[in-house]
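Q: Structure, please.
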Amino acid sequence: MIEDKERWNERYKEKPFRTWVEPLLKKYIDVANVGYALDIACGEGRNAHFLAEKGFEVDAVDISDYALSQVKEDPRIHKIEADLDFYSLQKNKYDLVLNINYLNRRFFHQIKEALKPKGVVIFETFIIAHGDFDNPQNPEYLLRKNELLHAFIDTDIIYYEERLDVNMRGEKTMVASLVAKKRC
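A: Model prediction:
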């Protein structure tokens, strides 16, 4: 945990990350009921800030204490410093779960359980790409083709796409995007 925390602290300090709100979140925010949201691997809080402005109470979770120190002080944002390899999601708590540029497959099932009935998951992360791409290299952090879709097949899929994108540092990547609603 300490090694991961130090590595992420250094990455946030050395390389600038995107500061704009995730376009997928902006496009599909209205699908979710305003209530409680979870921002998994929230980083410096760009999406958590947006959610709070939209009226959500947000649990913003990240391993980097440096990144969390950059999250604005807001009574609607609850900063949680945690190693996501060991963090567990509370069941039936969230109206919206946001997972952007992070992959921990053990969360697939936990996200579905953490959603309230009709709760929404917005999930976007890297997929295996062949050719000249700057995706992470470790396959543990890369989705396989249609893996995200299959992981959430028991939900009502609102949107799914695999496409070319640009990552937080302006590098060419391949991503999978999913918006889905938990069935009642």
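Q: and S177, what are its bridge partners?
A: E124, E161 (DSSP bridges).
Q: quick one: contacts for it?
A: Residues in contact with S177 (C-beta atoms under 8 Å, 6 or more residues apart in numbering) are 24, 123-124, 159-163. All C-beta atoms are positioned from the backbone trio N, CA, C, and that covers glycine.
Q: Sort out which one of those lies nearest E81 for me.
A: Nearest to E81 out of those is F123 (C-beta to C-beta; 22.2 Å).
Q: For M174, see how far away K112 is.
A: 25 Å (C-beta to C-beta, to the nearest Å).
Q: what's the answer for L24, then?
A: 15 Å.
Q: Helix, strand, or coil at the spatially most central residue of the chain?
A: The residue lying closest to the centre of the chain (C-alpha atoms, centre = their mean) is N99, at 1.6 Å. Applying DSSP: H, G, I helix; E, B strand; the rest coil to N99 yields a three-state assignment of strand.
Q: From N47, how far off is it?
A: To N47, N99 is 10 Å away according to C-beta to C-beta.
Q: go on, D30?
A: On the measure of C-beta to C-beta, D30 and N47 end up 15 Å apart.
Q: quick one: terminal-to-terminal distance for stretch 10-22?
A: With C-alpha to C-alpha, to the nearest Å as the measure, stretch 10-22 spans 23 Å from end to end.
Q: Next: stretch 157-175.
A: 17 Å.
Q: centre of the chain versus that stretch, how much separation?
A: 13 Å (C-alpha atoms, centre = their mean, to the nearest Å).
Q: neighbour count winner among D30 and N47?
A: N47 (25 against 10; other C-beta atoms under 10 Å).
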